[in-house]
Every structure is written in C-alpha cells, then in structure tokens.
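*Asks:* quick one: sequence and predicted model below, then my questions.
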Amino acid sequence: MLSNFKNHIGKHVAISDEQFEAIVPYFEVLDVKKKAHLQNPGQAHLYNYFVLDGCLRMYTLHEKGQELTCDFALESWWICDQKAYIGKQESNCAIQAVENSRILRISRDQELLLLQEQAFIQSYFLQVYQKAYAAAQFRNKLFKLHSKEEIFIQFNNNFPDFVQRVPQYLIASYLGLTPEYLSEIRKKMFS
C-alpha cells in the first residue's frame, strides 16, 4: 500500500528504495472508518494527511451550524488546514473520512525534521505545495467567473471520480450549491 506513496513521490522527484525506506518512519499509517473524524474544529491542527486509499474531506461549520466543505482528497492527494498546520494553531476545520480510508499522517514537527534530515524530499513538498496553490487559484477564478452550472460541468469534467464516489450533498456543499439545485443541474446534463 505504501507503493502508492512512493509512486507519488517518484512523479515529482527521483527516489531510490533506500531513500524511501529512510522517510517512512516519519509517517504514521492509519485506517479510518467512514464518517470518522481525524480532526474537529478547535483542535490544534498538527497533521498533514496523505490518502493511500479512500476519500477524506475538510469542512468548516457555518454560523448556523451548516457544514461547508472546503476540500476533498482522494488517493495520492494531501489534505490539511495549511494555516493551522504551518502555524501550529487551532483550526476551525474538521477533517472526516467520506469512505473507509487508509492514510499516512505526518506532524508539522516531523515534517520539518524530515525536510532537514532528508533534503532530497524538499523538492517533492515544494512541488506539492505549488500545485495545491495553483489549484486553489484555479478554483477561486472558477467560482468568480462562471455560473453555478458551469462550475459543476467543469468539476464533473475535471474530477469524474468525485461525482461517482462522493455523495451529492457533499459535492453540493463544496460547490456552494443546494443539493436540490445540484440535482437539477445533473438532470439537465445527463438527460
């Protein structure tokens, strides 16, 4: 199962078996049941999560108690509240398993130690963070420049796995739609 992680690193930087074995001890492997929480709002966010198998989501609570999904992570994706993680401060987000999942987690302290002791991995994390930043910019532009219908069409085209695997109400929450409106859009698209 860790071969997924090694392959993901290998897409960004060259990594030998020996180098991979050297970084594995910095991480913990966790099996998480569907709907279980890895983090709740108000907790200090001390971990970054890599999905080996399954799906996670990050959400925050609206003042009325409504859950607003901020992010998802499928296999080979990272997820965490970066501001809280980097600053070692309380997060206002929760991270929950959407499916039974197997994940790797690393604490901020372990990540800093890893970067110091295994310098080759710095390039990997730099590329991962750059891609995440670019994706956030893309999403921000998408939400500002397109209609709700166009946003879902783009989402469906770019991430068909999500549409197949993730419950519709969570996709609606992520896209800022009501589940009913998303259902209408899907009917139009697929009819």
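*Replies:* It's in. Residues are numbered from 1 along each chain as shown.
*Asks:* residues near Leu142, how many?
*Replies:* 15 (other CB atoms under 10 Å). Every C-beta, even on glycine, is put in place using the N, C-alpha and C of the backbone.
*Asks:* check Ile106 too.
*Replies:* Residues within reach of Ile106, counting by other CB under 10 Å, total 22.
*Asks:* and it, that's in a strand?
*Replies:* Yes - when classified by DSSP: H, G, I helix; E, B strand; the rest coil, Ile106 is found to be part of a strand.
*Asks:* does it touch Leu115 like I think?
*Replies:* No - contact status for Ile106 versus Leu115: not in contact, 10.5 Å apart, counting by CB atoms under 8 Å.
*Asks:* walking through the chain, point out its helices one by one.
*Replies:* Secondary structure of the chain (DSSP state H): helices located at 3-10, 17-23, 82-87, 108-117, 121-145, 148-158, 160-165, 168-175, 179-190.
*Asks:* which residues touch Phe125?
*Replies:* Counting by CB atoms under 8 Å, 6 or more residues apart in numbering, Phe125 touches Glu111, Leu115.
*Asks:* measure it to Ile9 for me?
*Replies:* Counting by CB to CB, to the nearest Å, the separation of Phe125 from Ile9 is 10 Å.
*Asks:* again with Asn158
*Replies:* As for Asn158, its distance to Ile9 is 23 Å (criterion: CB to CB).
*Asks:* more neighbours: the two, which one.
*Replies:* Ile9 (23 against 12).
*Asks:* for that one, give me the pLDDT.
*Replies:* Confidence at Ile9, expressed as pLDDT, is 96.
*Asks:* what about the chain, any weak spots by pLDDT?
*Replies:* Judged by pLDDT under 70, the chain has its weakly predicted residues at 45.
*Asks:* make it 80
*Replies:* Per-residue confidence for the chain (pLDDT under 80) gives these ranges: 1, 45, 63, 65, 161, 189-191.
*Asks:* all good on my end, thank you.
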